[in-house]
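>>> just to be clear, the model below is a prediction. Sequence and coordinates:
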Amino acid sequence: MKNSYISYIACAALCSVVMTACHKKEKPHTMTVPEISVATPVIDSVVLYKTYPGTLSAMSSAKVMARVNGILEKKHFQSGSYVRAGQPLYTIESSHYRDLVQQAEATLSSARSQYDYASRQYAAMKKALESDAVSQMDVAQAKNSMENAEASIKSAEAALNSARINLGYCTVTAPADGWVSDGVYSVGNYVNGEAAPVEVTTIVNNSKFNVLFHIEDSQYENMIRSNGGASGPLYRAMPVHFSEELPHTYTADLYYQSPSIDPSSGTLLLKGELKNIENELKDGMYVTVSLPYGVNPRAVLINDASIGTDQLGKYVYLVNDSNRVVLQHIEVGDVYRDTLRIVNNGIEPGQRYVTKALLSVRSGMEVKPVLEK
């Protein structure tokens, strides 16, 4: 009887627990829709550019040549320094050329003495002819001797001038202002520049550069149409970029086009002029030139930072009318005003695109879009 009573109590307790569990309601689980910053494309008139690789070439450079023979005795500059036109750069041993100057001076002095004698002799012969003391032949011979002596003076003067020029070449000077490169020869080396001038260093003026690049013949036709045949630079202020960002920005004025198209490549050589700011640029640097070729009066522009890249190319996340995220691949153009990117295809005016937190959204995700101002 006692066991039955205990069993009854246990059963009643169990039923009470079960009834309580059955009547307890489960708390509903709610999901929070994240807020995502979105924007709509900017519509603006923009100049369209096409980029081309190019190089910088100094507009002014000169090879410094040794024109005499001898040992380089002195170097008067520091490699890489700025020099002025006429500044001494090297001294070549000059003893041989000093001797040649002295010999030429002596020859000239002798020629002048001979002329003085010949001219006096001729004057005397002419006077003697008046009294028939000499013949016409004697006078003619005296005149001929005087003329030969006069010619000898001219020859000696030319030789002396040449000797002095060669002596002057023993001091090698800068032919122009600019930055001088390292010397080809060091002090103590022998140069043989008399037979053919020998290059000893180079001077480059970096104040201005030519920007050299090639375009397709079809692009040349577009360029001519857009320019309208105006005189002067074909284009002004073309953006020029470098592989690494520099402290200053650079533009070039396009002023030269080759008179013919290269048939082997179908391209045309163009040159632009660029000023070197604070001597940042060097001869031979690689550049990228942005050549304008047209205007899009209603270009679609979005934030460049909002664009992602996958195996299929560039994409953005759009937010549709149901506030769902949609991955959309796009075709892009050039950067505009540093932060915007031209979109040629894939997004329409008025569509909303995700501007931030690109890694936290996925296609099909429901979001609460917050329009950026």
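Right, received. Where do you want to start?
>>> and the next element down the chain from whichever strand in the chain runs longest?
The single longest strand within the chain, with elements called by DSSP state E, is strand 42-66. Using DSSP states H and E, the helix or strand that follows strand 42-66 in sequence is strand 69-75.
>>> can you list the strands that that next one pairs with?
The pairing partners recorded for strand 69-75 under DSSP bridges are strand 88-92 (antiparallel), strand 190-192 (antiparallel).
>>> tell me which of those is the most buried.
Compared across the strands paired with strand 69-75, strand 88-92 shows the largest average neighbour count, a mean of 19 (mean count of other Cβ atoms under 10 Å). No exception for glycine: its C-beta is placed from N, CA and C like everyone else's.
>>> ok now the helix or strand just after that strand, how far from the chain's centre?
Remark: after strand 88-92, the chain's next helix or strand is helix 95-130, criterion DSSP H and E. Distance of helix 95-130 from the chain centroid (Cα atoms, centre = their mean, to the nearest Å) equals 61 Å.
>>> give the buried residues for stretch 124-141.
Judged by neighbour count using 16 or more other Cβ atoms under 10 Å, the buried positions of stretch 124-141 are M125, V134, V139.
>>> same thing with stretch 299-309?
A299, V300, L301, I302, N303, S306, I307.
>>> contacts for that stretch?
Residues outside stretch 299-309 that contact it (Cβ atoms under 8 Å, 6 or more residues apart in numbering): 39, 41-46, 314-317, 330, 332-333, 335-336, 339-344, 347-349, 353-356, 358.
>>> same check, this time on stretch 119-132
So stretch 119-132 is contacted by V134, S135, Q136, D138, V139, A142, K143, S145, M146, A149 (Cβ under 8 Å, 6+ apart).
>>> export those residues to JSON lines and tack on pLDDT, secondary structure and distance to S264?
Converted to JSON lines, those look like this (pLDDT from 0 to 100; DSSP: H, G, I helix; E, B strand; the rest coil; distance: Cβ to Cβ, whole Å):
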{"residue": "V134", "pLDDT": "84", "secondary structure": "coil", "distance to S264": "80"}
{"residue": "S135", "pLDDT": "88", "secondary structure": "coil", "distance to S264": "79"}
{"residue": "Q136", "pLDDT": "90", "secondary structure": "helix", "distance to S264": "76"}
{"residue": "D138", "pLDDT": "88", "secondary structure": "helix", "distance to S264": "77"}
{"residue": "V139", "pLDDT": "89", "secondary structure": "helix", "distance to S264": "75"}
{"residue": "A142", "pLDDT": "91", "secondary structure": "helix", "distance to S264": "72"}
{"residue": "K143", "pLDDT": "92", "secondary structure": "helix", "distance to S264": "69"}
{"residue": "S145", "pLDDT": "93", "secondary structure": "helix", "distance to S264": "68"}
{"residue": "M146", "pLDDT": "93", "secondary structure": "helix", "distance to S264": "67"}
{"residue": "A149", "pLDDT": "93", "secondary structure": "helix", "distance to S264": "64"}
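>>> any idea how far the closest residue to V83 other than its chain neighbours lies from I203?
Once flanking residues are discounted, V83 sits nearest to A174: 4.6 Å by Cβ to Cβ, 6 or more residues apart in numbering. Going from A174 to I203 by Cβ to Cβ, to the nearest Å gives 6 Å.
>>> between those two, which is the more surrounded one?
Just comparing A174 and I203: by other Cβ atoms under 10 Å the higher neighbour count belongs to I203, 24 against 21.
>>> go ahead and confirm that one touches A176.
Yes - I203 lies in contact with A176 (Cβ atoms under 8 Å); the separation is 5.7 Å.
>>> what do the two both touch?
Applying Cβ under 8 Å, 6+ apart, one finds that I203 and A176 are jointly contacted by A62.
>>> if I look at the residue sitting nearest the centre point of the chain, how far off is Y255?
Note on the chain: the residue nearest the mean C-alpha position is L56, at 2.8 Å, using Cα atoms, centre = their mean. Shown here: L56 relative to Y255, a distance of 15 Å by Cβ to Cβ.
>>> A140 too?
Counting by Cβ to Cβ - A140 and Y255 are separated by 66 Å.
>>> still on that earlier bit, my guess is the residue nearest to V83 meets Y90, correct?
No - A174 is beyond contact range of Y90, at 10.3 Å (criterion: Cβ under 8 Å).
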